[in-house]
Each structure stands twice: as C-alpha cells, then as structure tokens.
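Novice: using only what follows, build the 3D model:
(one chain, ligands or ions: 1)
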Amino acid sequence: MKITFPHMGNTYIVAKSLLDDFEVDYVIPPFNSKKALEIGTKYAPEMSCLPLKINLGNYIEAFEEGADTVLITGGCGPCRFGYYCEMSREILNDNGFNMDILTLELPNGNLKEFMKRIRKLTGGFNIPKVIKVVKDTLHVSKKVDSLEKLTFKARPREVKKGSVDRVYKDFQKDILNVKGSKQILKSIENTKNKIMRLEIDKDYEPLKVGIVGEIYTTIDFFTNLNIDSKLGGMGVEVDRAITVSGWITEHILKAIIPYRKDISYKEASKPYLGAMIGGHAQETIGNSVLYANMGYDGIIQIYPLTCMPEIVAESILPSVERDHDIPVLTLILDEMTGEAGYITRIEAFIDLLKKRKERREIGEELILSGN
Ligand code: SF4
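Specialist: Alright, predicted model coming up:
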C-alpha cells in the first residue's frame with residue numbers, strides 16, 4: 001500500500017509527520033498548480049466544488065508516482081463534502097486510476113470502524129504507539145499554525161519587503177527533505193527564529209483583516225492566490241480563525257474523545273445562523289462577529305463557486321456588516337479566476353479600509369480636542 005493525500009495549504013507537513021512516524025510508505029503529490037487543477041477539472045463534474053477538482057488532480061499526479069491509496073478526512077455531510085470520498089473513488093476508478101480511499105474520521109460515531117481504518121493504515125494496532133503518533137502529529141499541526149500566524153504578524157511590519165516570504169517559502173520547500181515529527185518540529189523552530197531575527201518596524205500599526213469562509217479556499221495558498229502574503233505586502237495584518245490544527249482537534253479528535261468543543265463562534269453566530277448547515281458557514285458568520293468585536297478593520301470572505309453553505313453565509317453577512325459596522329468583501333474562486341481582477345478588488349477594499357480608519361482617527365482627534 002502506497003498512501004497519498006490531498007494538498008490543502010500546509011496540511012502536507014502534518015500528514016508527512018503522521019505518516020513518517022507511522023513508518024508508512026507514501027507519496028506527497030506535487031504542490032497544487034495549474035496542471036493539477038487542469039487534470040481535476042477534466043475528470044470532475046463541471047459544477048462540483050473547486051477543492052474536489054484540485055484534489056482529484058493531486059490524486060492522479062500521485063498515482064502517476066506510484067500511490068494506490070488516498071488518505072482523506074471527512075466523509076459525512078450535510079454539504080457536498082459528504083460525497084467527496086465516494087465521488088472521488090468512482091471518478092478515479094471509472095477513469096482507470098485504480099485507487100482506494102481511506103477516510104480518517106469517526107464514521108457515524110463507529111469507533112470499531114475507525115480502529116479498523118487505523119489498523120489498515122499502520123499495518124497493526126499498537127495502542128501506545130497510535131496515541132503517541134497522534135499526540136505528536138497534533139503538536140506539529142499546532143506549531144505549523146503558530147508559525148503561519150507569526151508570518152501574518154511579521155509581513156506587514158517587515159522593513160525589507162519580501163523577507164518573511166523568502167524564509168517561509170524556503171521552509172515550505174525544505175521540509176520535504178526532513179523526516180518525522182521531531183525533525184519537523186526542529187525545522188519549524190529554526191524558521192521561527194529566522195523570522196524573529198528579521199528587521200521589523202515595531203511602531204507600525206497595520207490595518208487588521210479577518211479572513212473567513214470555506215476551509216479549503218481560505219487555507220490553501222495556491223487556490224486563494226496567496227492572499228495572506230498579498231495582504232501582508234500591502235501592509236495589512238491578517239488573521240484566519242480556521243486552521244489545520246483546529247480542524248484536527250475539533251472535527252476529528254473531539255469526535256473520538258468526548259471533550260468540550262470550542263463553541264465561541266456558534267454563540268456569536270446565533271442571532272444570524274443558529275444551526276450547522278454544512279461546511280463552515282456558521283464559523284464564517286460567528287468569526288466575522290468575533291473579529292468585529294475584537295476591533296478588526298474589515299473582513300474578507302473567500303469561497304469556491306457553487307459552495308452552498310458559503311452562499312448562505314454571504315447572504316447573511318450584510319446584516320453582520322450593518323449591525324457591527326465592519327466592511328466585508330466577498331471573493332469567489334473557480335478555475336477561471338484571473339489574478340489581475342482579484343488583486344484589484346482586494347486593493348480597492350484595502351483603500352476603503354484605510355480611508356475609513358483615517359476618517360475615524362480624525363473624528364476621534366476632533367472629539368478629544370473639543371472642536
Ligand atoms: S463546503 Fe462548499 S466547497 Fe466544501 S464541499 Fe461543501 S459545498 Fe463544496
């Protein structure tokens with residue numbers, strides 16, 4: 001059995017850590033690219049979600065490098081994510097790519113079935129080893145996310161433009177040559193230290209923008225055309241509430257181990273959307289409210305064309321915008337998205353936020369001076 005998995009931002013680092021520590025044979029697909037998207041678009045139904053198309057491209061490129069089994073998370077609805085596993089299996093097999101799909105998520109609360117899948121993945125079931133590997137993988141995922149958050153803070157403040165990206169991109173490439181959670185953690189620590197040593201403008205106060213939306217398009221830098229880096233280059237500090245480690249903890253681990261879930265976004269979204277309708281729609285609404293409460297200057301919602309939960313969220317966001325006095329920009333992505341138009345919209349939004357902030361500051365000064 002030779003495992004592969006789909007790309008989604010930095011998840012390949014987490015998956016690599018897990019598979020290295022389980023000593024499983026695997027292939028990391030080539031990074032997301034136009035080629036992967038074209039392959040996936042060729043085989044996927046036209047109206048299927050963009051992530052499914054890119055993922056199919058990943059599987060087929062990995063198949064060509066010898067992979068025969070796809071490891072994914074998910075497998076239950078209520079949106080189309082519930083069909084990803086079966087759809088991918090059928091599309092691959094119908095087109096002569098003989099691959100099996102293994103989903104790592106508690107199937108309808110069935111712990112026995114979950115353990116069977118772990119056994120299949122690891123070739124045995126050594127409980128202490130499974131616990132250790134899962135713990136180490138979770139640790140890696142948290143460190144990967146905190147390194148990414150450090151780049152969010154450092155980019156707008158860097159003195160030499162592009163210096164954070166240079167260090168971070170080297171890390172994302174070089175990590176492919178590192179093996180096991182221990183070495184991966186060491187490499188993350190080294191990268192963190194390199195970023196901390198970069199010259200930054202400590203007095204600069206950037207605009208702050210919260211990124212919300214569908215998980216894949218918000219996390220995957222190829223798909224969202226490196227929005228974190230683009231905003232950072234414009235002097236904007238971003239934050240994204242949805243993270244890989246959060247996904248692993250909230251949706252996989254807490255489904256197995258009964259532990260209190262993070263419901264802050266649910267509480268915040270209650271006046272607008274009181275039920276889970278699939279995908280991350282509730283998180284989109286709840287996190288937008290939370291960002292507004294934290295004093296962020298704006299919100300950017302990103303989602304793939306035809307994503308049902310985010311279409312619902314988009315229709316609710318004007319109420320959040322009005323009630324919480326925070327501007328929202330929605331960006332919808334598909335395989336036809338052109339970079340120039342995308343950047344123009346982001347630049348126009350940032351200009352609007354800057355002017356708004358200036359007006360506010362002038363107003364505050366006038367009030368304080370009593371004029
Ligand atoms: S969340 Fe949206 S993009 Fe993701 S599977 Fe569901 S409908 Fe598709």
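
Novice: ok, the nearest residue to residue 63 once chain neighbours are set aside to the ligand distance?
Specialist: Distances taken as CB to CB, 6 or more residues apart in numbering place residue 97 nearest to residue 63, at 4.9 Å, with adjacent residues excluded. (Each C-beta comes from the backbone N, C-alpha and C, glycine too.) The gap separating residue 97 from the ligand is 21 Å, by CB to the nearest ligand atom, to the nearest Å.

Novice: which residues touch the residue of the stretch 51-200 of the chain found nearest the ligand?
Specialist: Nearest to the ligand, among the residues of the stretch 51-200 of the chain, is residue 79, at 3.3 Å (CB to the nearest ligand atom). By CB atoms under 8 Å, 6 or more residues apart in numbering, the residues touching residue 79 are 277-279, 307-309.

Novice: next step: these restricted to helices.
Specialist: The helices, defined by DSSP state H, take in 308-309 from the contacts of residue 79.

Novice: which among the contacts of residue 79 count as buried?
Specialist: Buried members of these, scored by 16 or more other CB atoms under 10 Å, are 278-279, 307-309.

Novice: switch those over to JSON lines; also include pLDDT.
Specialist: Compiled in JSON lines, the buried ones among the contacts of residue 79 are given as follows (pLDDT from 0 to 100):
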{"residue": "278", "pLDDT": "86"}
{"residue": "279", "pLDDT": "89"}
{"residue": "307", "pLDDT": "94"}
{"residue": "308", "pLDDT": "92"}
{"residue": "309", "pLDDT": "94"}
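
Novice: so which of those residues also contact the ligand?
Specialist: 278-279, 307-309 (CB under 6 Å from any ligand atom).

Novice: how far away is the one residue in the stretch 151-300 of the chain that gets nearest to the ligand from residue 234?
Specialist: Nearest to the ligand in the stretch 151-300 of the chain, going by CB to the nearest ligand atom, is residue 279, at a distance of 2.8 Å. Residue 279 sits 28 Å away from residue 234, going by CB to CB, to the nearest Å.

Novice: how about residue 196?
Specialist: Distance of residue 196 to residue 234, given as CB to CB: 23 Å.

Novice: now swap in residue 23 and tell me
Specialist: Distance from residue 23 to residue 234, counting by CB to CB: 44 Å.

Novice: who's more crowded, those two?
Specialist: Neighbours per residue (other CB atoms under 10 Å) separate residue 23 from residue 234, with residue 234 holding more: 18 against 11.

Novice: residue contacts, that one?
Specialist: Here residue 234 is in contact with 156, 346-347, 350 (criterion: CB under 8 Å, 6+ apart).
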